[in-house]
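Chemist: sequence first, predicted coordinates after that:
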Amino acid sequence: MKNIQFMLLVAMIVVNGACSDESLKRTGYETLQIVQQQQCLDHPSSECPEREIYEDYERKRKAVE
């Protein structure tokens, strides 16, 4: 399962190679959020955290810089 997720992530990065840097960051972030959510759903005994949208993540990241 991890190999498939990794391959999907790599494929998305390659496909987005022609896109802007911001688009690539957004796609990567959203892909990782989806992978984490799927892993959480695969283990129903744990509580799944709420997904953070990219804009909120980026705002917090810039505030730290």
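Modeler: Right, received. Where do you want to start? Numbers count the residues shown, from 1 in each chain.

Chemist: for the least confident helix or strand in the chain by mean pLDDT, packing partners?
Modeler: Sorting the helices and strands of the chain by mean pLDDT, DSSP states H and E puts helix 2-15 at the bottom, at a mean of 74. Helix 2-15 sits against helix 21-42, with contacts defined as 3 or more CB pairs under 8 Å, 6 or more residues apart in numbering; DSSP states H and E. Placement of C-beta: from N, CA and C, glycine included.

Chemist: now the helix it packs on against helix 2-15, angle please.
Modeler: 160 degrees (axes from the mean of the first three to the mean of the last three CA atoms, to 10 degrees).

Chemist: off-centre distance for the helix or strand just after helix 21-42?
Modeler: Following helix 21-42 in sequence order, the next helix or strand is helix 54-64 (DSSP states H and E). The chain centroid and the centroid of helix 54-64 are separated by 14 Å, computed with CA atoms, centre = their mean, to the nearest Å.

Chemist: how about the CA coordinates for helix 54-64, as CSV?
Modeler: Taking Å, rounded to 0.1, in the frame of the first residue of the first chain, the C-alpha atoms of helix 54-64 are listed here in CSV:
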residue,chain,number,x,y,z
TYR,A,54,-3.5,24.8,2.0
GLU,A,55,-4.2,28.5,2.5
ASP,A,56,-4.2,28.1,6.3
TYR,A,57,-1.1,26.0,6.2
GLU,A,58,0.7,28.5,4.0
ARG,A,59,-0.4,31.4,6.3
LYS,A,60,1.0,29.7,9.4
ARG,A,61,4.2,28.7,7.6
LYS,A,62,4.8,32.3,6.5
ALA,A,63,4.1,33.6,10.0
VAL,A,64,6.9,31.4,11.4
